[in-house]
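Asks: Need a 3D model of the sequence below.
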Amino acid sequence: MKAWVLRIRKTDKVIFDRIKNGEKTVETRPMNAPESSKYYGQMKTGDRLVILCDGQRLEKFVKATRVYKDFEKYLDSEDLKNILGEGTTKESARKVHYSFGRERLDKYGIIAIDMESR
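Replies: Numbers count the residues shown, from 1 in each chain. Presented below is the predicted three-dimensional model:
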């Protein structure tokens, strides 16, 4: 079992809080190059997630992962309320994700990570 550190920006603490209280059950990350030292494509069921935000730490476990090479397919396939909250539209989800860097999303895709507590 591998441990993955996922950092959430202080400005996005609401995301951390939603994970902590169980409202957010799916975390997403832009995929990266396979030769990267932190290649999310190697993430497996049972791996530990160490989620850090503004000095706080939370531990979850990988329940399942789905890799989408096509970002639009991700938007069509995932239940966006589990990722970004109630009332999220495809357009608002697109804006949020693109704010983290559209180039990586277009080049490598995105991973959806189902999280669980143990």
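Asks: rest of the way, CA atoms for contacts and neighbours
Replies: Will do.
Asks: so how many other residues sit close to Glu35?
Replies: Residues near Glu35, counting by other C-alpha atoms under 10 Å, number 7.
Asks: err, Met1, not the other one
Replies: In terms of burial, Met1 registers 10 neighbours under the definition other C-alpha under 10 Å.
Asks: Provide a list of residues in contact with the closest residue to it other than its chain neighbours.
Replies: Using C-alpha to C-alpha, 6 or more residues apart in numbering and skipping residues adjacent in sequence, the residue nearest Met1 is Asp47, 4.9 Å away. Going by C-alpha atoms under 8 Å, 6 or more residues apart in numbering, Asp47 touches 1-4, 61-62.
Asks: out of those, who's nearest Lys73?
Replies: Using C-alpha to C-alpha, Val62 is the member of those that sits closest to Lys73, with 21.6 Å.
Asks: so who does that closest one touch?
Replies: Shown in contact with Val62 (C-alpha under 8 Å, 6+ apart): 43-49, 113-116.
Asks: Check Pro34 too.
Replies: In this structure, Pro34 makes contact with Gly41, judged by C-alpha under 8 Å, 6+ apart.
Asks: Val5 should be in a strand, yeah?
Replies: Yes: with DSSP: H, G, I helix; E, B strand; the rest coil as the criterion, Val5 is located in a strand.
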